Structure formats: structure tokens, C-alpha cells
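>>> what would the 3D arrangement of this be:
(2 chains)
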Amino acid sequence: DTAVSQTPKYLVTQMGNDKSIKCEQNLGHDTMYWYKQDSKKFLKIMFSYNNKELIINETVPNRFSPKSPDKAHLNLHINSLELGDSAVYFCASSLKGGVNTEAFFGQGTRLTVV
Amino acid sequence: GDSVTQMEGPVTLSEEAFLTINCTYTATGYPSLFWYVQYPGEGLQLLLKATKADDKGSNKGFEATYRKETTSFHLEKGSVQVSDSAVYFCALTGGFKTIFGAGTRLFVKA
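The predicted model follows:
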């Protein structure tokens, strides 16, 4: 069983479109995250949710809207896609959003905006 | 704010060579420290961790020691293999997020 699964794995779309990426974890964790990895492999946190509540929004444009229907799911919807949104997006979860807890990552979604 | 700095890559080594990847951090409080590894086309996996000063994390021949006095968590391996080729990330947890270094790409030649 995959611990953190995200779909789709690849997403190619045109500028201006709206798209969603889904994430589910079966680890029973309280905290879920979205990270963006750019072409130089730099990882930056976008959002952090704890028990369905938004905890961190790291100055992400309003076009990005996360939604957590329950604590096992954290989806990411992106409106009006731009070329600069092309990246790999990783979903992750951790037992509790504090110290001593490692994050478990999904396989990533490679988004290409053309 | 909290941050992690790790040596830039890429690092290219021959098989069986000794590996060191430097990592230093700045943080308020007492964070836990981690090394993650990312193989091509995959997500990040935890490699090892240390939760307090002087703790040594180890896994698959890799080691790192939490040094509070030098705010460092350098990754070492005595004899690398071709299969160790990957990107390595040093990280710390602070509140509700994990902060990553920029990543160091390692190439190991046969």
C-alpha cells in the first residue's frame, strides 16, 4: 500500500487552464503539506494543514487553493496556470506538525505548462 | 527565520570513495535534523535523523551527528556505491513545516 499517493503523476496543460492535483495518505497522520520543487531541485513549502486546518501559507499566489476535506486528503487546485507554475509538486504528511517527526512524501506530480 | 545551508554540488566520486556533504543550520529552539534522499523520478525518502544534540543518525552506511556547538549535521559514508547516486537534502523541522537545504547531487562512477 502506498503511504502517500498523489495523482496525476504527470500533467501537461496550456496557460490559463485550471487544474487539480489530489493527495491521500493512509498513515493516520495529522499534518499534510504541499511542496514545490523547481528545476534546480530546490524545495519550498507552499501549505501546511493540521487536522484539516490551514496552518501555513507561504506567500503562495491566490491562484493556488488547497482543500482538505478530511485529514487524510489534501488537494491542490490551481487557477489560471502560468508558465512559471511548471515544477514538480510534492504532497507530504507527518504524524504531528512539530519537532521530531519526519515527513513522508508522495511520488510527485510533474506539472508542465505550455 | 530558520534555515539550512548545504554544500553545492554536484559531487562526483568514484566507487568506494569517502563521502562528506556539509550541512549547517540556523534555528531558534532545538529542531530535529534530517537527511533525505531523492532518487531520479521519485519523491524524497528519509535517510536518517537526529533529534537532539550529540545524537548520531545512521542508515545504509550513512551517518550524521547533530553538533549543536557548530550547528552542523554533516553527512558521511565511508565507501559509496553507484547506487548511492541521488540528490541529498539536509532538513530541519520547525513548527508545522520542514525546511530543506538546496540539495546536493551526488554522482558515483563505477
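>>> and residue 107, how many neighbours?
Since you didn't name a chain, this refers to chain A. 17 (other Cβ atoms under 10 Å in any protein chain shown). In short, each C-beta sits where N, CA and C put it, glycine included.
>>> should've been chain B
14.
>>> any idea which helix or strand carries it?
With secondary structure defined by DSSP states H and E, residue B:107 is part of strand B:104-109.
>>> okay, buried residues for that strand please.
Buried positions in strand B:104-109, judged by neighbour count with 16 or more other Cβ atoms under 10 Å in any protein chain shown: B:104, B:105, B:106, B:108.
>>> ok, the second one touching residue B:84?
The reference is to residue B:105. No: at 11.5 Å, residue B:105 and residue B:84 do not qualify as touching, with contact defined as Cβ atoms under 8 Å.
>>> before we move on, the earlier item: what distance separates the strand holding residue B:107 from the centre of its chain?
Distance, stretch centre to chain centre, for strand B:104-109: 13 Å (Cα atoms, centre = their mean, to the nearest Å).
>>> assign the closest residue to residue A:52 other than its chain neighbours to helix, strand or coil.
Nearest residue to residue A:52, sequence neighbours excluded (Cβ to Cβ, 6 or more residues apart in numbering or on different chains): residue A:68, at 4.5 Å. Recorded secondary structure, residue A:68: strand (DSSP: H, G, I helix; E, B strand; the rest coil).
>>> what's in contact with the strand holding residue B:107?
Contacts with strand B:104-109, where a contact means Cβ atoms under 8 Å, 6 or more residues apart in numbering or on different chains, come from A:41, B:6-15, B:17, B:19, B:21, B:80-89.
>>> now do stretch B:21-33
A:99-101, B:2-7, B:11, B:35, B:49-53, B:57, B:64, B:66, B:70-76, B:88, B:90-94, B:101, B:104, B:106.
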